[in-house]
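A.B. asks: Quick one: sequence and predicted model below, then my questions.
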Amino acid sequence: MFMLIDCDNFFVSCERVFQPRLRGRPVVVLSNNDGCVVSRSYEAKALGIPMCVPYFKIEKVFLANDGIALSSNYELYADLSARAMTLLRHRFGDVEIYSIDEAFVKVPPHDNYFTLASQLRQDILQQIGIPVSIGIAPTKTLCKLASHLAKKNFKLCQLTAEPVLSETLGKIDVIDVWGVGRRCAARLNYLGIFTALDLRNADPKMIRRNFNVTMEKTVLELNQIPCQDIELPGMAKSIISSGSFEFEVNNKAKLEANLAEFVDCACLRLRRQNAVANGMWVELHSNRFSESHPQYNHSCLVSLPQATDNTAKFMTAMAEGLDRLYRPDGWYKKCGVMLVGLEPREAPQTNWLSDTGQNEHDRRLMRAFDSVNARYGRKTLYFGAQNPQAKAYLKREFKSPGFTTSWADLPKAT
């Protein structure tokens, strides 16, 4: 049996853990540069605030209804997500982290799964402070549907027994089945398949001929035949770190400072995966909505002579890539880097011309670098290309304090 644990309105819920004043009021969390709505409380949804709407379009109406808008506090959300996932691992062992606020777990045989899920929900709420919805089903595809239904009803939904299962699937549009996109849904409709029940009753071999083996597995999973197991995280094939600016930039020094922040972030994630990278893509993008400046969207690959996790070497590569891409007459709205050619740190492909002593020196240097910053705070040590004020380019006017990630922002009891 599988369970899908999905945190309710996750970003808003994280903010409410440390700010009781937000409870019962319409709250939205905004994307980078306070652009679009990316998370809504139930009160905000009741006002008709749509997802991903630009904030400036709903600001007046929202504030008139006692609404509160907050900038994204990614550090807080990541920390509370990690705590929730740790609780799940302690309880069930292997956990498939589907997103920052969703996770699949495989549950051993139990007399009453509903009671087990109810207790789990209470434990997460009590220990982490985050409300969750839980879907229970014998396959991951059914579990995804159960989780979706749980959000709308009593926060728990179990899809196992007939005739409830068939009745439920008959009410779900085929486009809402996990793995069925708009194009596939249109083709399924052409074949007379309009609901999840229609898809469950379809001939798996016919579905495979007209689509692929993945869609065939979806049909089998809707028939309670497990075709997917818990997927444990493996090494990423690449690491991307990028972002847009509040205003367009045409100053090379500012672009270099912003890119340096992305390089620092990407390399830290690289080391946390115990990996090294062989190269880096550097990219620059203009504002695609601008009518006053020409469009410019280009990237280039900078290869390294030896795979490494040394941030300094990627800073040098970044500067080389920026020299290739930068145009003085260009106006840029977004930039970023992508580390590629990732390999395990302990078993990289050997370059016989490389200096093994230098490689070991780089590892010790980065270990000390990370240790100091972990103990005394981010950017206690930083590279010269960086801005001493982390992410100064990112507009977050309504950001809440780092309640769990900064000593200075720890909540004070009064």
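C.D. replies: Yep, it's here.

A.B. asks: Can you point out the buried residues in the lowest-mean-pLDDT helix or strand in the chain?
C.D. replies: Least confident helix or strand, the chain: helix 356-376 with a mean of 84, by mean pLDDT, DSSP states H and E. Within helix 356-376, the residues scored as buried using 16 or more other C-beta atoms under 10 Å are 359, 362-363, 366, 369-370, 373. All C-beta spots, glycine's among them, are computed from the backbone N, C-alpha and C.

A.B. asks: same question, stretch 245-264
C.D. replies: By 16+ other C-beta under 10 Å, the buried positions in stretch 245-264 come out as 245, 248-249, 254-264.

A.B. asks: State the pair within the residues you listed that is farthest apart.
C.D. replies: Within those, Glu248 and Asp264 form the most distant pair, 23.2 Å apart (C-beta to C-beta).

A.B. asks: In three-state terms, label Gly384 for me.
C.D. replies: On the three-state scheme (DSSP: H, G, I helix; E, B strand; the rest coil), Gly384 is labelled coil.

A.B. asks: Distance-wise, check it relative to Glu320.
C.D. replies: 16 Å (C-beta to C-beta, to the nearest Å).

A.B. asks: More neighbours: which of those two?
C.D. replies: Glu320 (14 against 8; other C-beta atoms under 10 Å).

A.B. asks: Surely the more buried one is within a helix?
C.D. replies: Yes. Using three-state DSSP, the assignment for Glu320 is a helix.

A.B. asks: what's the pLDDT at it?
C.D. replies: Note for Glu320: predicted pLDDT of 96.

A.B. asks: Leaving out the residues flanking it, which one is nearest to it?
C.D. replies: Excluding the flanking residues, the one nearest Glu320 by C-beta to C-beta, 6 or more residues apart in numbering is Val302, at 5.3 Å.

A.B. asks: Now for the one you found, how many residues are close by?
C.D. replies: So Val302, with other C-beta under 10 Å, has 18 neighbours.

A.B. asks: Check the contact between it and Met280; I expect there is one.
C.D. replies: Yes. Look at Val302 against Met280 with C-beta atoms under 8 Å: they come within range, at 5.4 Å.

A.B. asks: which neighbours do the two share?
C.D. replies: Residues touching both Val302 and Met280 by C-beta atoms under 8 Å, 6 or more residues apart in numbering: 317-318, 321.

A.B. asks: For the residues you listed, give me a markdown table that also has distance to Asp409.
C.D. replies: As requested, these are exported to a markdown table (distance: C-beta to C-beta, whole Å):
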| residue | distance to Asp409 |
| --- | --- |
| Ala317 | 34 |
| Met318 | 30 |
| Gly321 | 35 |
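
A.B. asks: Which of the residues you listed sits closest to Asn210?
C.D. replies: Gly321 (44.3 Å).

A.B. asks: any idea how far the residue lying closest to the closest one once chain neighbours are set aside lies from Leu222?
C.D. replies: Once flanking residues are discounted, Gly321 sits nearest to Val282: 3.0 Å by C-beta to C-beta, 6+ apart. Per C-beta to C-beta, Val282 is found 45 Å from Leu222.

A.B. asks: go on, Tyr326?
C.D. replies: Distance from Tyr326 to Leu222, by C-beta to C-beta: 52 Å.

A.B. asks: Same drill for the two, tell me which one is more crowded.
C.D. replies: Remark: of Tyr326 and Leu222, Leu222 carries more neighbours, 25 against 16, as counted by other C-beta under 10 Å.
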